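Chemist: Below is the structure, and that's it, no one-letter string:
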């Protein structure tokens, strides 16, 4: 009798607490279509390859929705590359034409002994790249770090 009671109780509790589990139901294209026309996105990067990839990502988003806000925050070694590597000039100029904001960390500049005049005129500056990124997040930007 006790055995039947516990079995019945187990079935009832199992039925009540049952929650179906499902795998990811969105397709890749559905996820990509979820980008908002007025979305705000930022990427924090520290090397030249990631800088170029970030700008290409911004270019793709801006091609679909020109009103998207897109920023690339630059810290670490890429700061020197931006000032000295001529091969990055075309990427910087493309960013300017697309409306992608580039923001360089002045703490990195100071560490690397660089001045504002070492950079392209379209580049903006912030005292601290990490604090700036936190500010973007507080302002509603979705951010990632590479």
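Modeler: Received the coordinates, thanks. Since the structure is predicted, the reported quantities are computational estimates derived from the model, not experimental observations.
Chemist: mind listing what residue 89 touches?
Modeler: residue 120 (Cβ atoms under 8 Å, 6 or more residues apart in numbering). Every C-beta, even on glycine, is put in place using the N, C-alpha and C of the backbone.
Chemist: For it, I want the exact helix or strand it lies within.
Modeler: Element membership of residue 89 [criterion: DSSP states H and E] is helix 89-98.
Chemist: Distance from that helix to the middle of the chain?
Modeler: Relative to its chain's centre, helix 89-98 lies at 18 Å (Cα atoms, centre = their mean, to the nearest Å).
Chemist: Name the residues that touch the next helix or strand after that helix?
Modeler: Going down the chain from helix 89-98, the next helix or strand is strand 101-105, by DSSP H and E. Strand 101-105 has contacts (Cβ under 8 Å, 6+ apart) with 69-76, 79, 82, 92, 95, 119, 122-130, 132.
Chemist: what do you get for stretch 135-146?
Modeler: Applying Cβ under 8 Å, 6+ apart, the external contacts of stretch 135-146 come out as 39-46, 50, 53-54, 69, 71, 73, 133.
Chemist: Could you identify the most distant pair in those?
Modeler: Across the contacts of stretch 135-146, no pair lies farther apart than 39 and 46, at 23.7 Å, counting by Cβ to Cβ.
Chemist: all helices for the protein, in order.
Modeler: Along the chain, counting by DSSP state H, helices occupy 2-17, 28-33, 48-64, 78-84, 89-98, 106-111, 129-138.
Chemist: which stretches of the chain have low pLDDT?
Modeler: 1-24, 31, 33-34 (pLDDT under 70).
Chemist: Look up how far residue 55 lies from residue 80.
Modeler: Taking Cβ to Cβ, to the nearest Å as the measure, residue 80 falls 18 Å from residue 55.
Chemist: Counting neighbours, go ahead and name the busier of the two.
Modeler: Neighbour count, other Cβ atoms under 10 Å: between residue 80 and residue 55, residue 55 has more, with 23 against 17.
Chemist: ok, that one - contacts?
Modeler: Applying Cβ under 8 Å, 6+ apart, we find residue 55 in contact with 72, 91, 94, 95, 98, 100.
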